[in-house]
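Need the 3D shape of this:
(chains A and B)
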There are 2 protein chains.
Amino acid sequence: MTRKKNSAEDFSLSCPIPKSEYPHVLLAHGGGGKLMHQLIEKVFLGAFSNPELDRRHDGALLDLPPGKPAFTTDSYVVHPLFFPGGDIGKLAVCGTVNDLAMCGARPLYLSAGFILEEGLPIETLWRVVQSMRQTAQEAGVSIVTGDTKVVDRGKGDGVFINTAGVGIVEGGRRVGPEQVRVGDMVLLSGDLGRHGTAIMAARQGLEFEIRIESDCAALNGMVQALLDAGVEIHCLRDLTRGGLTSGLIEIAQGAKVQLDVQESAIPVCDEVRNFCEVLGLDPLYVANEGRFVAFVPAKEAKCALAVMRQHPLGQGAVQIAQVVKGTPGLVTLETPIGTRRILDMLSGEQLPRIC
Amino acid sequence: MTRKKNSAEDFSLSCPIPKSEYPHVLLAHGGGGKLMHQLIEKVFLGAFSNPELDRRHDGALLDLPPGKPAFTTDSYVVHPLFFPGGDIGKLAVCGTVNDLAMCGARPLYLSAGFILEEGLPIETLWRVVQSMRQTAQEAGVSIVTGDTKVVDRGKGDGVFINTAGVGIVEGGRRVGPEQVRVGDMVLLSGDLGRHGTAIMAARQGLEFEIRIESDCAALNGMVQALLDAGVEIHCLRDLTRGGLTSGLIEIAQGAKVQLDVQESAIPVCDEVRNFCEVLGLDPLYVANEGRFVAFVPAKEAKCALAVMRQHPLGQGAVQIAQVVKGTPGLVTLETPIGTRRILDMLSGEQLPRIC
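Below you'll find the model as predicted:
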């Protein structure tokens, strides 16, 4: 079955609950009765069908290969639901797949919990679900269990999605802040700020002038390529809310080390840089949904970068920082003019509901 | 550590973010910055602390005993957040624990995803989180990974919670609709309708006159008692949205059998029956959060009932139906006057946002 890249649109033609029947989600669609069963049957089973889901029991039984199971969850409340480069469905699969990948795990199974607002067009839900189906297929994960709730109009915002994920860490590997060592190099998988600015542009109705696409993508393929190449990975972190800065500070604190970052090494494309300048945003704090940092021993950095650059999502990979003894928890930035300043976490976020 | 049954209240005194500092949830609490870290640190880690959660990585690594892993999820949007006999936090733990138990699994780990509405009093969140902590402790499960999102005022409703759960099915057991056999007996663990009517009474401001408490409870202890006693269990189902009727019809359809139910055998307490009569509700369709049906071979029914009745939550256990060949998917009800009618699923639910 071949399918175009942006196929959520194509599927909308074939929404299995015709507009003439139920154009919108009703409170009764969450009530446990016939309408809920129709929604599950036609929309969710129609899209995600697999033997475990099709059993329609209260939970799924999993086949797990040998290794240490990893478990994670995220809720997605992004606004708007559709944005250049993605939508809430793609985000809900990629985000949780990425959290598993950042544990050094191979993502295998997802759950999906939907909180729908009364009045949501069923066709919108269908587009979101088709996007989840396609993204899950590309990332190699199965959606094996789920749940639907409906809240009254004005008590939600179209659709919120929670996904939880189960994966497996093979070969006794440990990847995490506690594995970071002084001397490690910090590699960044690509340029920063696309997701946050794409959302911001879409909210302002500027998506056609600005032409920035979200970097939203599943990163498990690139992480697996690093593992398959035998690269020794100490820590991984995807750079979502709070951007690069929050990710680095969290790891510096968790690992009780100092990180020295080189600003000139950090790639930011012109469109993102200009858009950020106009709006007074700092790309180092803007959320990404398809970028991560890898902490590796210095001797592994060259090989790791080569592997990352061979992957379609990692062509812009660069080394941006190193781990030094210094002050535990401190992250410093060497500016292009050679001065050094301390990177601090923002109090909140520059953009709410980014994911 | 001894703790009173309804202790969510007691903890509110010690909410770790004082009112004078941040009385309410702000959008910034979901932003990935300092405020979010403070919320995670003080409220969530403060309540749920365990080695995996304390690693603060993107996911948790699980210790799973031998067996088949089970995986499930549910979102909780109950309104109001607090009701006689429970609250959204207790419900969010019990509901997912019960879904695992209904797979014949021993529940072990939960994730928790919070969608908070801007303006929610932090003390309310603290009470909910304390209730989750206590319920998880009593049910013997750990909350090992989580997520917090904040949506703008008017785009949510206080707090929505998603929990996903991982458990283990031991001893090669299979429990599910496909295991049901003609001749099986259907046992009900207790009287019906308490949860739905308690919520309804609370919504109408009648909770002090009506005095019905939700049956909300974790059922894994009673299921484990049945398994430990060596009872051969074919299928289990908790009777949430859509009540007893939806649960039975789903199983009759999945198992392709007919179920003949005896109405006179089904226990409903006087308070629930009277309240349902006044409001025109049918207790057979009202949601429960601490009741289940067990399908067992006829020769096991007596022993199973004895085990259930020994458990504090199963003192009212009774046999209510049997599996016959008949028409696949059909559920019939023999009324007290000896006539027989077909039980059909409602279109929606009698009460929205019951869980």
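
ok, which stretches of the stretch 51-200 of chain A are strands?
Taking DSSP state E, counting those that start in this stretch, the strands of the stretch 51-200 of chain A run over residues A:60-61, A:68-76, A:82-83, A:86-87, A:106-117, A:142-151, A:159-169, A:185-188.

closest one to A:Gly338 among those strands?
Taking C-beta to C-beta, strand A:185-188 is the member of the strands of the stretch 51-200 of chain A nearest to A:Gly338, at 19.7 Å. C-beta: built from backbone N, CA, C; applies to glycine.

the inter-axis angle of the top helix by length along chain A versus strand A:106-117?
The longest helix of chain A (DSSP state H) is helix A:122-139. Calculated by axes from the mean of the first three to the mean of the last three C-alpha atoms, to 10 degrees, helix A:122-139 forms an angle of 170 degrees with strand A:106-117.

Can I get the strands of the stretch 51-200 of chain A in CSV including mean pLDDT and distance to B:Ala298?
Formatted as CSV, these follow (pLDDT from 0 to 100; distance: least, C-beta to C-beta, whole Å):
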stretch, mean pLDDT, distance to B:Ala298
strand A:60-61, 95, 27
strand A:68-76, 98, 38
strand A:82-83, 96, 55
strand A:86-87, 98, 52
strand A:106-117, 98, 36
strand A:142-151, 96, 31
strand A:159-169, 98, 37
strand A:185-188, 98, 65
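
Adding distance to chain B, write those strands out as TSV.
TSV is the format used below for those (distance: least, C-beta to the nearest C-beta, whole Å):
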stretch	distance to chain B
strand A:60-61	5
strand A:68-76	3
strand A:82-83	17
strand A:86-87	17
strand A:106-117	4
strand A:142-151	5
strand A:159-169	3
strand A:185-188	16
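
For stretch A:201-218, list every residue counted as buried.
A:201-202, A:207, A:210, A:212-218 (16 or more other C-beta atoms under 10 Å in any protein chain shown).

What of stretch A:314-324?
Buried residues in stretch A:314-324, defined by neighbour count with 16+ other C-beta under 10 Å: A:314, A:317-323.

between these, which is closest to A:Val182?
The closest of the buried residues of stretch A:314-324 to A:Val182 turns out to be A:Val323 (C-beta to C-beta; 5.4 Å).

and the closest one, what element?
Here A:Val323, judged by DSSP states H and E, is contained in strand A:318-324.

ok, that strand: who's next to it in the sheet?
Strand pairing for strand A:318-324, determined by DSSP bridges: strand A:185-188 (antiparallel), strand A:258-262 (antiparallel).

quick one, which of the ones you listed is nearest to B:Ser264?
Closest among those, using C-beta to C-beta: strand A:185-188, at 69.9 Å.

What is the distance between that closest one and the centre of its chain?
19 Å (C-alpha atoms, centre = their mean, to the nearest Å).

Now do that strand: everything it contacts.
With contact meaning C-beta atoms under 8 Å, 6 or more residues apart in numbering or on different chains, strand A:185-188 is reached by A:244, A:248, A:259, A:261, A:265-267, A:291-298, A:300-301, A:304-305, A:308, A:317-323.

before we move on, back to that, for the buried residues of stretch A:201-218, work out which two are farthest apart.
The two members of those with the most space between them (C-beta to C-beta) are A:Ile210 and A:Ala218, at 24.5 Å.

can you pull out the strands in the stretch 201-350 of chain A?
Along the stretch 201-350 of chain A, counting by DSSP E, counting those that start in this stretch, strands occupy A:235-238, A:258-262, A:292-296, A:318-324, A:331-334, A:340-342.

got the ones you listed as JSON lines, with mean pLDDT columns?
Formatted as JSON lines, those follow (pLDDT from 0 to 100):
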{"stretch": "strand A:235-238", "mean pLDDT": "98"}
{"stretch": "strand A:258-262", "mean pLDDT": "98"}
{"stretch": "strand A:292-296", "mean pLDDT": "98"}
{"stretch": "strand A:318-324", "mean pLDDT": "98"}
{"stretch": "strand A:331-334", "mean pLDDT": "98"}
{"stretch": "strand A:340-342", "mean pLDDT": "96"}
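
quick one: which of those is nearest B:Thr240?
Among the strands of the stretch 201-350 of chain A, strand A:235-238 sits nearest to B:Thr240 (C-beta to C-beta), with 34.9 Å.

neighbouring strands for that closest one, and are they parallel or not?
strand A:292-296 (antiparallel).

what about A:Lys299, neighbour count?
10 (other C-beta atoms under 10 Å in any protein chain shown).

separation between it and A:Ala139?
Distance of A:Lys299 to A:Ala139, computed by C-beta to C-beta, to the nearest Å: 31 Å.

What residues does the stretch 201-350 of chain A have near chain B?
When proximity is defined as C-beta under 8 Å from any C-beta of the partner chain, the stretch 201-350 of chain A approaches chain B at A:237-238, A:240-243, A:246, A:250, A:254, A:287, A:345-350.

In the residues you listed, which residue is surrounded by the most others?
Within these, most neighbours by other C-beta under 10 Å means A:Ala287, with 30 neighbours.

In contact with that one: list those residues for me.
Contacts of A:Ala287 (C-beta under 8 Å, 6+ apart): A:195-196, A:199, A:239-243, A:349, A:351, A:354-355, B:32.

same question, A:Asp54
So A:Asp54 contacts A:Leu45 (C-beta under 8 Å, 6+ apart).

Domain parsing of chain A, as residue ranges.
A:25-169, A:177-342 (automatic domain parsing).

most packed of those domains?
Highest mean neighbour count of the domains of chain A: domain A:25-169, a mean of 23 (counted as mean count of other C-beta atoms under 10 Å in any protein chain shown).

for A:Val169, what are its contacts?
Contact partners of A:Val169, counting by C-beta under 8 Å, 6+ apart, are A:67-70, A:103-106, A:175, B:61.

just the helices in chain A please.
Secondary structure of chain A (DSSP H): helices located at A:8-11, A:34-39, A:46-48, A:51-54, A:88-102, A:122-139, A:194-203, A:207-210, A:220-228, A:243-255, A:270-279, A:301-310.

Among those, single out whichever gets nearest to B:Gly95.
Between B:Gly95 and those, the shortest gap by C-beta to C-beta is with helix A:34-39, which sits at 15.8 Å.

Give me the below-cutoff pLDDT ranges for the stretch 251-355 of chain A.
A:348-350 (pLDDT under 70).

one more time with 90, if that's ok
A:279-280, A:345-352 (pLDDT under 90).

what's the closest of the strands paired with strand A:318-324 to B:Glu21?
strand A:258-262 (29.5 Å).

Can you give me the distance of A:Ala218 to A:Ala202?
For A:Ala218, the distance to A:Ala202 equals 21 Å [C-beta to C-beta].

er, A:His29 I mean
As judged by C-beta to C-beta, A:His29 and A:Ala202 stand 27 Å apart.

any chance of the strands of the stretch 51-200 of chain A in TSV, plus distance to A:Asn98?
What follows is those, written out as TSV (distance: least, C-beta to C-beta, whole Å):
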stretch	distance to A:Asn98
strand A:60-61	22
strand A:68-76	9
strand A:82-83	18
strand A:86-87	13
strand A:106-117	8
strand A:142-151	16
strand A:159-169	9
strand A:185-188	15
